[in-house]
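> let me see the structure of the following:
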Amino acid sequence: MSRIGKQPITIPTGVTVTIQNNDVSVKGPKGELKRTFNPLAVITITGQEIVITRVDESQSAKGIHGLTRTLLSNMVLGVTKGFQKKLEIVGVGYRAVANKNKITLNLGYSKPVEYVGDPSIEFKMDEEKKNIITISCIDNQLLGEVAAKIRSFRKPEPYKGKGIKYENEHITRKAGKSAGSGAAAK
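Residues are numbered from 1 along each chain as shown. Prediction:
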């Protein structure tokens with residue numbers, strides 16, 4: 001049995017969970033999330049806990065079991081606390097201006113790059129460090145997609161590290177060209 005899948009999810013106070021067939025709706029203080037799950041996982045509510053069981057012992061049912069539990073847990077966490085990711089802009093002249101669900105990035109291109117996200121996404125710039133973008137949302141999957149999309153506008157390059165990177169991401173640096181080697185040294 002899946003170690004993750006067999007753990008029950010406790011429903012905090014202020015959160016309501018409704019299940020109809022394979023459609024689950026989770027409503028909390030930060031908003032509402034809906035998702036349709038695979039029928040290989042059976043979702044039931046017992047008291048103040050959500051319990052996930054699988055239909056049979058097939059390999060695909062075992063994989064869906066833990067996935068369903070993790071996705072449901074993220075839904076409950078999202079409507080209570082929310083999720084956030086931080087991106088760091090590295091480079092001279094690279095800037096960003098955030099306004100609710102819209103962000104404008106100056107990344108060394110001839111024109112600024114504008115990105116308008118879903119209404120549930122919120123962009124913020126750090127007051128102290130002007131190069132940190134904080135993205136927050138109640139949907140963890142949507143948050144990851146938006147952060148990856150913004151990072152794709154200018155990925156960090158390996159020589160100077162310029163670009164947009166995740167806050168705790170380590171960029172492996174490469175050595176540049178060495179002077180005085182080859183035919184030019186004669």
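
> now the residue nearest the centre of the chain, what's its secondary structure?
In the chain, the centroid-proximal residue (Cα atoms, centre = their mean) is Gly144; its distance is 2.3 Å. When classified by DSSP: H, G, I helix; E, B strand; the rest coil, Gly144 comes out as helix.

> outline the domain layout of the chain.
9-80, 83-166 (automatic domain parsing).

> assign a three-state SS to the residue nearest to the residue nearest to the centre of the chain when sequence neighbours are not counted, would you?
Among residues not flanking Gly144 along the chain, Lys85 sits closest, at 7.4 Å (Cβ to Cβ, 6 or more residues apart in numbering). Quick note: C-beta positions are derived from backbone N, CA and C, even for glycine. Recorded secondary structure, Lys85: strand (three-state DSSP).

> now swap in Glu114 and tell me
strand.

> burial check on the nearest residue to it once chain neighbours are set aside, number of neighbours?
Spatial nearest neighbour of Glu114, chain neighbours left out: Thr104 (5.1 Å); criterion: Cβ to Cβ, 6+ apart. By other Cβ atoms under 10 Å, 15 other residues sit near Thr104.

> equivalent analysis for the one 4 residues further on, please.
Number of residues near Gly108 (other Cβ under 10 Å) recorded here: 12.

> test my guess that it contacts Ile89.
No. Gly108 lies out of contact with Ile89 (Cβ atoms under 8 Å); the separation is 10.8 Å.

> contacts only, for the residue nearest to Glu114.
Residues in contact with Thr104, defined by Cβ atoms under 8 Å, 6 or more residues apart in numbering, are Ala96, Val97, Pro112, Val113, Glu114, Tyr115.

> so which residues of this protein form strands?
9-10, 16-20, 23-28, 31-36, 41-46, 49-54, 83-90, 95-99, 102-106, 113-116, 122-125, 132-137, 163-166 (DSSP state E).

> the last one pairs with which strands, and in what direction?
Here strand 163-166 is paired, per DSSP bridges, with strand 83-90 (antiparallel).

> try the third one
Strand 23-28 pairs in its sheet with strand 16-20 (antiparallel), strand 31-36 (antiparallel), by DSSP bridges.

> same question for the shortest one.
Based on DSSP bridges, the strands next to strand 9-10 in the sheet, each with its direction, are strand 49-54 (antiparallel).
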